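Enquirer: sequence and computational prediction follow.
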Amino acid sequence: MIDILKNSIFIVLMCFSTYTAKAQLIDKVVAKVGSEHILLSEIEDEFSYAKSKDPNISDDVKCVMLDNMIAQKLVIYHAKVDSVEITDAEVEQQLDYRFESVLRQMNGDEAFFEEYYGASISEMKERYRDDQRHKILAEKMQYKLISEVEITPREVQSFFNGVPSDSLPYFKSEMEISELIIVPQVNEYERVKALNKITELRQKIVSGAATFEDIASKNSQDPGSGLRGGDLGYAKRGVYVPEFEATVFSMAKDEISEIIETEFGFHIIQLMERRGNSVRARHVLIKPEITQSDLDIAKNRLDSLRTVILSDSMSFEAAVKKHSLKSMPSYANGGRVKNQNSNNTFFAADDLDPDTYFAIFDLKPKDISKPLLITMPDGQKAYRLIQLNSISKPHKANMKEDFDKISNFAKESKKNEYFLKWLKKKREETYIYLDPMFKDCKMGESKETP
């Protein structure tokens, strides 16, 4: 388990351009790009990491690594020359995000963090601060360079014509879908039953009859934190739902809250620790039970909405806006569901879960499925309507059916070409020094972008 944890933490921190174990190397500058330096240790650390993944990798790859580092330094150097602005707050925010990600993998255990790294979080942030600043500078500079690149329909056509016919991609049948989700409402009897249960549990904690941790482990219906005695780890504002956040950020250390109600159920909270703008808390969650009667009411409601939409009395999008669950990502998109793998709204059949696929299998565009019982990520039952917006047949890429996709490909190609030309030009204009130990490397031939 520790080895798995170490590997995942190492991957998180490898996003920085330097690594901590430089003390063992006799270091020196092996390249200069304008006022920027590249150290031998940076090459060796990256090579060691690559070697751990592929033991057969040869020393020749160090030339490629150095070439890519020079490209990175060119971007950073010219970002400074062009006065690309970056604030301390931006750097701190990114450092917070990265180290909180590591800390979450350690269940918020700062003592374990210090034992593993031999340094506190604040000390580690200082070590990586310059690297993070450079990373943000490079990203901003690259965005500045390519953000204004546009593509015309003529250029899209030219790009398409330049792809050999036998190299054109073959697109599978793809669908676009929208969804409308309704969560059953808890009946008053079950609500009072859950409230009474959590009231009894809180009394046991307050009276000292049981510890908060023990009560959470045995009773909480939040499976993730329940296994850890209710421990939620560290969190900043914006992580929790409003009712929970308002309570936890107003509490004193070790204080036990009154019972609060959120969309998930009833909670009692204990504040374990406060660190700057973050809090570490634990909670007990008791959910009112959803009965079959509650489910039937939700299903009938959704069935009635389906009839209204199909009669053209209301559009699917309008029904989503008025009735669908607001916390779903699709709600803000008029019900349209985004494919998380491709970051667009198109789904191949194998991108869909079986229940969704078979619910729309016989539908035609603009048809709507019957109410489908689903399980939400938190385990809650809900009902879902699915509208099939469009469907394409399997086909070879063509301008008529796939203009948007081809346009995106063409634009990305143009951006990459523009950036590589900029790099080549800046290599010629910028002072670059190479240490003699790398004199046989052919620089400027790598196509990898920073």
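Expert: Received it, and whenever you're ready, just let me know what you need. Residues are numbered from 1 along each chain as shown.
Enquirer: just the helices in the stretch 351-450 of the chain please.
Expert: Here the stretch 351-450 of the chain has its helices, by DSSP state H, counting those that start in this stretch, at 354-360, 399-429.
Enquirer: reformat those as JSON lines; add mean pLDDT, distance to residue 342 and mean neighbour count.
Expert: No exception for glycine: its C-beta is placed from N, CA and C like everyone else's. Listed next are the helices of the stretch 351-450 of the chain as JSON lines, based on pLDDT from 0 to 100; distance: least, C-beta to C-beta, whole Å; neighbours: other C-beta atoms under 10 Å:
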{"stretch": "helix 354-360", "mean pLDDT": "93", "distance to residue 342": "16", "mean neighbour count": "16"}
{"stretch": "helix 399-429", "mean pLDDT": "93", "distance to residue 342": "10", "mean neighbour count": "15"}
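Enquirer: what's the helix or strand for residue 206?
Expert: Secondary structure from DSSP states H and E places residue 206 in helix 188-207.
Enquirer: now do that helix: distance to the chain's middle.
Expert: In terms of C-alpha atoms, centre = their mean, to the nearest Å, the centre of helix 188-207 is found 36 Å from the chain centre.
Enquirer: what's in contact with that helix?
Expert: Outside helix 188-207, the residues that touch it by C-beta atoms under 8 Å, 6 or more residues apart in numbering are 209-212, 215, 219, 256, 259, 265-268, 284, 286-291, 294.
Enquirer: so which of those residues sit within strands?
Expert: 265, 266, 267, 268, 284, 286 (DSSP state E).
Enquirer: neighbour-wise, which of these leads?
Expert: The most neighbours of any of those, using other C-beta atoms under 10 Å, belong to residue 284, which has 30 neighbours.
Enquirer: care to break the chain down by domain?
Expert: 2-149+427-438, 173-183+291-396, 188-286 (automatic domain parsing).
Enquirer: now those domains as JSON lines including distance to residue 408?
Expert: Converted to JSON lines, the domains of the chain look like this (distance: least, C-beta to C-beta, whole Å):
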{"stretch": "domain 2-149+427-438", "distance to residue 408": "12"}
{"stretch": "domain 173-183+291-396", "distance to residue 408": "9"}
{"stretch": "domain 188-286", "distance to residue 408": "31"}
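Enquirer: out of the ones you listed, which comes closest to residue 163?
Expert: domain 173-183+291-396 (10.9 Å; C-beta to C-beta).
Enquirer: got the end-to-end distance for that closest one?
Expert: Start-to-end span of domain 173-183+291-396 (C-alpha to C-alpha, to the nearest Å) is 11 Å.
Enquirer: now stretch 148-163
Expert: By C-alpha to C-alpha, one end of stretch 148-163 lies 25 Å from the other end.
Enquirer: pLDDT weak spots in this structure?
Expert: Within the chain, the set of residues satisfying pLDDT under 70 comprises 1-26, 445-450.
Enquirer: that one: strands as residue ranges?
Expert: 29-33, 36-39, 170-171, 174-182, 231-235, 260-262, 265-275, 278-286, 347-348, 372-375, 381-391, 395-396, 432-434.
Enquirer: figure out which of these is closest to residue 360.
Expert: Comparing those by C-beta to C-beta, strand 381-391 comes nearest, at 5.0 Å.
Enquirer: ok, residues contacting that closest one?
Expert: Here strand 381-391 has contacts from 173-184, 290, 295, 298-299, 302, 305-306, 316, 325, 335-336, 356, 359-360, 363-369, 371-376, using C-beta under 8 Å, 6+ apart.
Enquirer: could you turn the buried ones of those residues into a PyMOL selection?
Expert: Applied in PyMOL, the following selects the buried portion of the contacts of strand 381-391 according to 16 or more other C-beta atoms under 10 Å:
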select buried, resi 174+175+176+177+178+179+180+181+182+183+184+290+298+299+302+305+306+316+325+335+336+356+359+360+363+368+369+371+372+374
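Enquirer: one step back: include distance to residue 343 when you put the helices of the stretch 351-450 of the chain into JSON lines, please.
Expert: Formatted as JSON lines, the helices of the stretch 351-450 of the chain follow (distance: least, C-beta to C-beta, whole Å):
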{"stretch": "helix 354-360", "distance to residue 343": "18"}
{"stretch": "helix 399-429", "distance to residue 343": "10"}
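Enquirer: and those: which comes nearest residue 28?
Expert: Among the helices of the stretch 351-450 of the chain, helix 399-429 comes nearest to residue 28, with 22.6 Å by C-beta to C-beta.
Enquirer: show me what the closest one is packed against.
Expert: helix 61-81, helix 121-146, helix 153-161, strand 170-171 (3 or more C-beta pairs under 8 Å, 6 or more residues apart in numbering; DSSP states H and E).
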